[in-house]
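Q: can't give you the sequence, but here's the structure:
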């Protein structure tokens, strides 16, 4: 289980996990988008390496960007439509065996 902060509006999605110096294990951020499309992320002002887990409408993983290096402008995407993206500390996706086809369950997440 991962405890997440929810980013469901433009402001919170734009800020994401920027400027944080640490992220506790099994904690992260859930980005909720109004529609499914190919979403991309950059890490210019993000100070920690992250795994980005892209989920479709059914909350099935469509791809993972592992160990996204911090403080870069490189665009990160999986090249597939997603409705949700979960950011966790680098290495946590592999640690929890999360990959394409893994299904997520949201508990007490307002949408």
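A: Structure received. This structure is a prediction, so every number in the text was calculated from the model and none was measured.

Q: Just list whatever residues bridge to residue 52.
A: Beta-bridge partners for residue 52, by DSSP bridges, are residue 65, residue 87.

Q: so how many other residues sit close to it?
A: A count of nearby residues for residue 52, using other CB atoms under 10 Å, gives 26. Any C-beta I mention is one placed from the backbone N, CA and C, and that applies to glycine too.

Q: what does residue 49 give?
A: Residue 49: 16 neighbours (other CB under 10 Å).

Q: Next one: the nearest residue to it once chain neighbours are set aside relative to residue 109, how far apart?
A: Nearest residue to residue 49 in three dimensions, chain neighbours excluded: residue 90, at 3.6 Å (CB to CB, 6 or more residues apart in numbering). Shown here: residue 90 relative to residue 109, a distance of 23 Å by CB to CB, to the nearest Å.

Q: coming back round to it: check the gap between the residue nearest to residue 49 and residue 24 for me.
A: Look at residue 90 and residue 24: by CB to CB, they are 13 Å apart.

Q: swap in residue 70?
A: Distance of residue 70 to residue 24, given as CB to CB: 17 Å.

Q: Comparing these two, which residue is more hemmed in?
A: residue 70 (16 against 8).

Q: Please work out how many residues are found near the nearest residue to residue 75 once chain neighbours are set aside.
A: Spatial nearest neighbour of residue 75, excluding adjacent residues (CB to CB, 6+ apart): residue 40 at 4.6 Å. By the measure other CB under 10 Å, the count of residues near residue 40 is 15.

Q: which residues touch the residue nearest to residue 49?
A: Residue 90 sits next to 48, 49, 50, 51, 66, 67, 68 when contact means CB atoms under 8 Å, 6 or more residues apart in numbering.
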